[in-house]
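Undergrad: Provided below for reference: sequence and predicted model.
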Amino acid sequence: MEDDFAQWYTDVVKKADLVDYSSVRGSMIIRPYGYAIWENIQSILDRRIKETGHENVYMPLLIPQSLLQKEKDHIEGFAPEVALVTHGGSEELAEPLVVRPTSEVLFGEHYANIIHSYRDLPKLYNQWANVVRWEKTTRPFLRSLEFLWQEGHTCHATEEEAAEETRKMLEVYAEVVENYLAVPVLKGQKTEKEKFAGAKFTLTIESLMHDGKALQSGTSHHLGTGFAEAFGIQFTDKDGKLQTVNQTSWGITTRLIGALIMVHGDNRGLVVPPRIAPKQVMIVPIAQHKEGVLDKAYELKNRLNKVARVDIDASDKMPGWKFNEYEMKGIPVRLEVGPKDIEKGQVVLARRDTSEKIIVPMEELETKIPALLEEIQNNLFEKAKKHREEKTTVAYNMDEFKKNLEENPGFIKAMWCGSEACENFIKEETAATSRCIPFEQEHLSDKCVCCGGEAKHLVYWAKAY
Ligand SMILES: [Zn+2]
């Protein structure tokens, strides 16, 4: 991974059985192990989405082209990535259909039909779906023609309520990504240049990968009344006056699996944080042909299934092969049990994160395993946080900016005047983009890192995926 991070990434997604390539360029098959990780992310987030009062719905895959064109900024933002259906069977369609790149316009049209009065508000909908974006360069999980995600779409009576919702859902994302994926995030606002096409403002969580590149890990948009005006989503308020709703939309995608790989992985493969791991403990029997070994291994599996997600590999492959395989797959704990262990009433636990081996009496496993899983979870988060801190630097001028990017690539904290010209200049000169204006502002200096003009905000910059 030190020599060729991109190749390392591609190897890991293949060898850990997360994906396979399909015959359509840039499309990926998510294999059972990869899909199980997604299902875990999905179930945790789905619970949070429902706890915060949202309902799941499902919108159609196809959008009339004219509908997508109703909101001007939106269509300008998405036009280059849109896939069009021009034929149905052998007949050319009178109007081409767009394969959804996102569903703002579908929700917009539907909301205009079902919202009439202040009593209909707020409307808090979420959809789990696939979307299609015709990307030129693709990489599994990070950028693919089709990906899975959830998109929340809400309508509110006031601008302030919508702003509150935008912030609330960003906090939900930050909590899930930090506490379950063990990936530390920066919370902040996107600049005008980087915000979602058609939004009033965009909030984001940004994380730093092992190679020092940033990954946008979740976004929440305040859409204001832009879409609502284009689609006529209006309601009669308590005084009988006609008003336009304020909207939000927010999403996370299968990209998060890419983040997981690139934050925690190492030269032996994937490392999956216990709380998100489909399998938390893998039992590998040693000398399993010897009498009593397999029986004991299965007995332990049945016992431990009550406290963790446990599996066993009782195949006739060599233990060494099994060790490598489950290290590649990043299973947090390996439990070895052989004839000598059985004699002594103990097992060996091997940690994936530190490679440490621990001998534990069998009768203590029900308490030791959950505690160990928690320790691994915390260790992964702390390690990732330390890595991010080591790769976060400060720049006061462009020479320092370039030097930092070259010598220690990662987040660069620098003051910015607020002009798009400076953002463009930095991007052209260094390929770094503004990741966010963090909620936690610091005053590093009075001057913009780029033009030397009066600084307005602290911005985190980085090269990004
Ligand atoms: Zn400037």
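TA: In hand now; what should we look at?
Undergrad: now the closest residue to E327 other than its chain neighbours: how far from I369?
TA: Excluding its sequence neighbours, the residue lying closest to E327 (Cβ to Cβ, 6 or more residues apart in numbering) is R268, at 4.7 Å. C-betas here are computed from N, CA, C, even on glycine. Distance check for R268 against I369: by Cβ to Cβ, to the nearest Å, it reads 22 Å.
Undergrad: which one's more surrounded, these two?
TA: Legend: neighbour count by other Cβ atoms under 10 Å for R268 and I369, higher for I369 (23 against 14).
Undergrad: doesn't A308 make contact with the more buried one?
TA: Yes - contact status for I369 versus A308: in contact at 5.3 Å, counting by Cβ atoms under 8 Å.
Undergrad: state the distance from N379 to K391.
TA: From N379 to K391 the distance is 19 Å (Cβ to Cβ).
Undergrad: please identify which of those two sits among more neighbours.
TA: Neighbours per residue, other Cβ under 10 Å: of N379 and K391, the larger number sits with K391, 20 against 15.
Undergrad: please, where are all the strands along the stretch 51-200 of the chain?
TA: Assigned by DSSP state E, counting those that start in this stretch, the strands in the stretch 51-200 of the chain fall at 55-56, 62-64, 83-88, 91-99, 123-132, 146-156, 186-189.
Undergrad: if we can go back for a sec, joint contacts of I369 and A308?
TA: Shared contacts of I369 and A308, defined by Cβ atoms under 8 Å, 6 or more residues apart in numbering, are found at V281.
Undergrad: can you add distance to N40 and mean neighbour count and give the strands of the stretch 51-200 of the chain back as TSV?
TA: Formatted as TSV, the strands of the stretch 51-200 of the chain follow (distance: least, Cβ to Cβ, whole Å; neighbours: other Cβ atoms under 10 Å):
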stretch	distance to N40	mean neighbour count
strand 55-56	18	12
strand 62-64	30	17
strand 83-88	29	12
strand 91-99	28	13
strand 123-132	14	19
strand 146-156	13	22
strand 186-189	23	21
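Undergrad: so what pLDDT did the most centrally placed residue in the chain get?
TA: The structure's the chain has its C-alpha centroid closest to L256; by Cα atoms, centre = their mean the separation is 2.5 Å. Here the pLDDT value assigned to L256 is 97.
Undergrad: do the one 4 residues further on as well
TA: Model confidence at L260, expressed as pLDDT, equals 97.
Undergrad: what's the nearest residue to it if we skip its chain neighbours?
TA: Take L260 and drop its neighbours on the chain: the residue closest to it by Cβ to Cβ, 6+ apart is L181, 5.5 Å away.
Undergrad: and the residue in the stretch 51-200 of the chain that the ion sits nearest to, what does it touch?
TA: Residue nearest to the ion within the stretch 51-200 of the chain: T191 (11.8 Å; Cβ to the ion). Each residue near T191 by Cβ under 8 Å, 6+ apart is listed here: E420, E423, S434, I437, V459.
Undergrad: local confidence estimate at the fourth one?
TA: On pLDDT, I437 comes in at 98.
Undergrad: got a list of what the residue nearest to E327 touches?
TA: Applying Cβ under 8 Å, 6+ apart to R268 gives the contacts N324, E327, M328.
Undergrad: how near is it to L62?
TA: From R268 to L62 the distance is 44 Å (Cβ to Cβ).
Undergrad: same check on K357?
TA: Relative to L62, K357 is positioned 55 Å away (Cβ to Cβ).
Undergrad: can you check L124 too?
TA: Between L124 and L62 the distance is 25 Å, computed by Cβ to Cβ.
Undergrad: equivalent analysis for R352, please.
TA: Distance of R352 to L62, computed by Cβ to Cβ: 44 Å.
Undergrad: if we can go back for a sec, dump the strands of the stretch 51-200 of the chain to a markdown table, plus mean pLDDT and distance to the ion.
TA: As requested, those are exported to a markdown table (pLDDT from 0 to 100; distance: least, Cβ to the ion, whole Å):
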| stretch | mean pLDDT | distance to the ion |
| --- | --- | --- |
| strand 55-56 | 98 | 44 |
| strand 62-64 | 94 | 39 |
| strand 83-88 | 96 | 38 |
| strand 91-99 | 96 | 38 |
| strand 123-132 | 98 | 35 |
| strand 146-156 | 97 | 34 |
| strand 186-189 | 98 | 18 |
